[in-house]
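Engineer: generate a structure from the sequence data that follows.
(one chain, ligands or ions: 1)
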Amino acid sequence: METLMWMGLVGLGRMGGNMRDRLREAGHTIIGYDTDAALSDAESLPAMVEQLDTEPRVVWVMVPDTAVDPVIDQLAGQLGAGDVIIDGGNSKWTHDGPRAQRLSDRGIEYLDCGVSGGVWGITQGYALMVGGREKTVAKVQPIFDSLKPPGEYGFVHAGDHGAGHFAKMVHNGIEYAIMQAYAEGWELLETAGHVTSARETFNSWREGSVIRSWLLDLAVDALDEDAHLDRLRGFAEDSGEGRWTVEAALDLAVPVPGIAGALFARFTSRQDDSPAMKMIAAMRRQFGGHAVRDASAPVPRNLPGTPRAEPPRPARQPGTDR
Ligand SMILES: O=C(CO)[C@H](O)[C@H](O)COP(=O)(O)O
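Structural biologist: As a prediction, this is how the structure comes out:
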């Protein structure tokens with residue numbers, strides 16, 4: 001029989017709230033705390049901890065990166081030797097080592113846990129990437145077992161402190177690049193008009209194709225809601241993980257052109273007009289007298305490239321035939 005646990009869960013937004021439900025469904029006792037009183041099971045963070053009367057006391061923190069340290073510092077004042085804090089948010093992995101050290105000075109054990117699954121995790125389970133000491137992982141394994149998908153995959157004890165969030169960061173970098181590739185392919189299909197329906201073409205790739213995937217399924221779901229995405233603005237935010245992936249790659253001199261390109265494409269999406277392209281237009285005018293467009297002129301879509309004459313072929317040199 002599965003071991004059932006008690007746990008505090010701080011942060012009951014889209015992810016934390018669903019995780020609470022999944023854990024309760026599995027039989028665990030979860031006391032949730034959120035600054036939104038309508039979601040919360042306890043009046044305050046200290047009141048949540050007071051309700052945890054099992055050994056060890058375990059608290060899962062599911063808040064934005066910038067709020068993690070203030071929450072953990074508050075928890076550290078109440079928790080003690082052998083208790084466990086898990087940071088399950090998308091936190092920067094470089095914070096985990098110092099955080100674990102600070103907590104271990106008080107005997108509190110720390111795990112970092114990357115969580116993937118989005119709003120679907122409540123039914124399908126969450127992929128978990130955990131960093132920290134083996135003995136701490138073992139203490140809370142029943143919680144991980146209930147959150148993960150039921151099959152063989154979906155859980156890794158990735159390494160020591162920071163490894164869980166590092167793994168999740170790379171996961172998200174990959175997510176950026178995959179989404180960018182689907183998005184670019186979709187735009188090309190839509191613009192070219194050579195296929196009757198970009199949506200039908202995407203849909204056909206969902207089985208048998210080399211590029212079938214859950215993200216492709218979700219792309220088709222989005223096209224079912226809005227056939228040409230006319231209701232959306234081409235504007236994409238980011239919450240930091242893509243930047244950290246590129247930062248890590250820079251530090252290690254690992255080439256990540258796909259991920260970096262996808263990150264920069266999001267930055268481009270936030271510009272109404274490109275200052276860099278103004279400069280390119282200005283320099284083309286300076287050196288070649290090329291035409292420019294006035295700032296108030298309408299933007300022409302999909303200009304074909306300027307046709308070029310074929311460059312003359314170099315004369316064949318004797319002895320170079322293959
Ligand atoms: O972790 C996630 C998915 O795996 C989150 O949805 C995350 O917000 C995605 O990153 P970004 O907001 O930068 O697109």
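Engineer: CA only for contacts and neighbour counts going forward, please
Structural biologist: OK.
Engineer: what about the residue in the stretch 1-150 of the chain that the ligand sits nearest to, neighbour count?
Structural biologist: Distances between the stretch 1-150 of the chain and the ligand by C-alpha to the nearest ligand atom are smallest at residue 116, namely 4.9 Å. When neighbours are counted by other C-alpha atoms under 10 Å, residue 116 registers 22.
Engineer: got it, and residue 277?
Structural biologist: Neighbours of residue 277 under the rule other C-alpha under 10 Å: 10.
Engineer: can you give me how far the helix or strand hosting it is from the chain middle?
Structural biologist: Using DSSP states H and E, the element containing residue 277 is helix 275-288. With C-alpha atoms, centre = their mean, to the nearest Å as the basis, helix 275-288 stands 36 Å off its chain's centre.
Engineer: what about residue 53, how many residues close to it?
Structural biologist: Number of residues near residue 53 (other C-alpha under 10 Å) recorded here: 10.
Engineer: residues touching it, list them.
Structural biologist: Taking C-alpha atoms under 8 Å, 6 or more residues apart in numbering, we find residue 53 in contact with no residue.
Engineer: okay, it and residue 79: tell me how far apart.
Structural biologist: 11 Å (C-alpha to C-alpha, to the nearest Å).
Engineer: what's the end-to-end length of stretch 121-136?
Structural biologist: Across stretch 121-136, first to last residue, C-alpha to C-alpha, it's 24 Å.
Engineer: so residue 56 sits against residue 83, correct?
Structural biologist: Yes: in terms of C-alpha atoms under 8 Å, residue 56 counts as a neighbour of residue 83; the distance is 4.8 Å.
Engineer: related to what we said a few turns ago, who's in contact with the residue of the stretch 1-150 of the chain closest to the ligand?
Structural biologist: Neighbouring residues of residue 116 by C-alpha under 8 Å, 6+ apart: 126-128, 168.
Engineer: cutoff 6 Å now
Structural biologist: Counting by C-alpha atoms under 6 Å, 6 or more residues apart in numbering, residue 116 touches 126-127.
Engineer: look up phi and psi at it.
Structural biologist: Per-residue torsions, residue 116: phi -120, psi 150 (degrees, to the nearest 10).
Engineer: mind checking which helix or strand residue 194 is in?
Structural biologist: Remark: residue 194 resides in no helix or strand, with elements defined by DSSP H and E.
Engineer: ok, how many other residues are close to it?
Structural biologist: Residues contacting residue 194 under the criterion other C-alpha under 10 Å number 10.
Engineer: quick check: it vs residue 209, distance?
Structural biologist: 20 Å.
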